[in-house]
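1. Sharing a model that was predicted from the sequence below.
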Amino acid sequence: TFVTEFGEFEVTTLRVDVECDGRHAEVEFTTSWEADAARRDFTINAMMMNIHGNVFDFFGGKEDLEAGIMRFVGEAHDRINEDALRILRFFRITHKTGCELLPQKDLMACADNVTLLHDISIERVWDEFKKVCKDSPDKVGNFLLDMAAIQAHRVLHLPLEDPAVISTITEHVSKFPTFAIGTQLTTVDIASQFADHWKLSNVERSELTFFVANKDKEHTPQNIQDFIMDGVDKEWLEALVDFQQDEDLHDYIHVVDFFPFPVTGKDLMQVGFEQGILLGQELEKLKKVWKDSRYVLTKEQLLNRYTI
């Protein structure tokens, strides 16, 4: 990978596919640019340019791009059978490029071969969904509707409650794709099942369960402050109140500062507590007293409780 001021560029050799099973391909090297282009997924991805700026377009990609047409190279059924993830890529790149004229035969090929997605690792599918969120955050709901149209959501166990509501958190889904999914889930148990099936990381699981657990609750400045003082990421809270379209709470999040609980275990040991379970329990009790004071009690005021 070359990283330049113009972006990242992948470098590879010319290849042809010898054998494909829908997940992995056995390849051979070639010197034919056209043969290499023929193994690409879509016509707009099969164009090449040499160092002199000459474009080589063997499958009409330039014309498709200009006309806003998203089309598979050659026979769509063949390209999908080589790698079924191309079904998802077909719709993702459609939204990324704005090439939203989709040939009927290509759409039918996606629908006819949708069960092949069973054979694709869920990690690859999740990565593809995250690319949708990153590349086209305002089109995530449309992508889910695309999946429903070809029944891919059933194959992938992709939740589909009300894709339109994802638009309320458009500015957050590129960083937190889990929140887009969270808008479609109704309970924490279902969120946990999704996290298991899709093999989410621990961080992603925490994001998802937090959002689902709190998205339908009524929130106030007080409990938002409690979240912040408990160390909850402010961006999580912004997504939460944006989902509820509460502009006042969104503004409030920006004026609330986090500051740590002023008493430590060492402080309690200095007033007579011994290290152990009881010390930890007492520390939690003291933290609740601090919270009930709306975080105004100082360290000295809190420790005065133990003065004889």
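-> Now that the structure is in, tell me what you want to look at.
2. Helix, strand, or coil at the closest residue to residue 147 other than its chain neighbours?
-> When the adjacent residues along the chain are set aside, residue 147 lies closest to residue 153, with 4.4 Å between them (CB to CB, 6 or more residues apart in numbering). Quick note: C-beta positions are derived from backbone N, CA and C, even for glycine. For residue 153, the assignment made with DSSP: H, G, I helix; E, B strand; the rest coil gives helix.
3. And residue 153, how far from residue 145?
-> 9 Å (CB to CB, to the nearest Å).
4. List the buried residues of the longest helix along the chain.
-> For the chain, the helix that runs over the most residues, judged by DSSP state H, is helix 277-292. Taking 16 or more other CB atoms under 10 Å as the basis for neighbour counts, the residues of helix 277-292 that come out buried are 282, 283, 286, 287, 290.
5. What's the local residue count around the residue nearest to residue 147?
-> Summarising burial for residue 153: neighbours were counted as other CB atoms under 10 Å, giving 19.
6. again, but for residue 27
-> Counted with other CB under 10 Å, residues neighbouring residue 27 total 16.
7. quick one: contacts for the residue nearest to the spatial centre of the chain?
-> Among the residues of the chain, the smallest C-alpha distance to the mean C-alpha position (CA atoms, centre = their mean) belongs to residue 177, namely 2.2 Å. Residues touching residue 177, when contacts are defined by CB atoms under 8 Å, 6 or more residues apart in numbering, comprise 129, 130, 133, 134.
8. since we're on the first one, how many residues are nearby?
-> By that I understand residue 129. Neighbouring residues of residue 129 were enumerated by other CB under 10 Å; the total is 22.
9. Which residue is the nearest non-sequential neighbour of it?
-> For residue 129, the nearest residue in space outside its immediate sequence neighbours is residue 177; the separation is 6.2 Å by CB to CB, 6+ apart.
10. ok, now the third one?
-> With CB to CB, 6+ apart as the criterion, residue 133 has its nearest non-adjacent residue at 4.1 Å, and that residue is residue 177.
11. how near is the one you found to residue 239?
-> Where residue 239 is concerned, residue 177 sits at a distance of 11 Å (CB to CB).
12. Report how many residues lie close to residue 253.
-> With neighbours defined by other CB under 10 Å, the count for residue 253 comes to 19.
13. Now that it has come up, it's in contact with residue 224, right?
-> Yes: contact status for residue 253 versus residue 224: in contact at 6.3 Å, counting by CB atoms under 8 Å.
14. Tell me the confidence at the closest residue to residue 138 other than its chain neighbours?
-> Nearest-residue entry for residue 138: residue 170, 5.1 Å, with adjacent residues in sequence omitted and distances by CB to CB, 6+ apart. At residue 170 the predicted local confidence, pLDDT, stands at 98.
15. So residue 170 is in contact with residue 137, correct?
-> Yes: shown here, residue 170 and residue 137 form a contact pair, counting by CB under 8 Å, at 5.1 Å.
16. Next SSE downstream of the helix or strand of the chain at the bottom of the mean pLDDT ranking?
-> Averaged element by element with mean pLDDT, DSSP states H and E, the chain has its least confident helix or strand at strand 15-20 (a mean of 72). Going down the chain from strand 15-20, the next helix or strand is strand 25-29, by DSSP states H and E.
17. That next one packs against which elements?
-> Packed against strand 25-29, as judged by 3 or more CB pairs under 8 Å, 6 or more residues apart in numbering; DSSP states H and E, are the following elements: strand 15-20.
18. Contact partners for the closest residue to residue 136 other than its chain neighbours?
-> Excluding its sequence neighbours, the residue lying closest to residue 136 (CB to CB, 6+ apart) is residue 95, at 4.2 Å. When contacts are counted by CB under 8 Å, 6+ apart, residue 95 is found next to 132, 135, 136, 139, 142, 143.
19. okay, the residues you listed in CSV with distance to residue 27, pLDDT and secondary structure next?
-> Converted to CSV, the contacts of residue 95 look like this (distance: CB to CB, whole Å; pLDDT from 0 to 100; DSSP: H, G, I helix; E, B strand; the rest coil):
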residue, distance to residue 27, pLDDT, secondary structure
132, 27, 98, helix
135, 27, 96, helix
136, 30, 97, coil
139, 32, 97, helix
142, 34, 97, helix
143, 30, 97, helix
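20. Throw the residues you listed into CSV and include neighbour count and distance to residue 267, thanks.
-> Compiled in CSV, the contacts of residue 95 are given as follows (neighbours: other CB atoms under 10 Å; distance: CB to CB, whole Å):
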residue, neighbour count, distance to residue 267
132, 26, 49
135, 15, 50
136, 22, 51
139, 23, 53
142, 19, 55
143, 23, 52
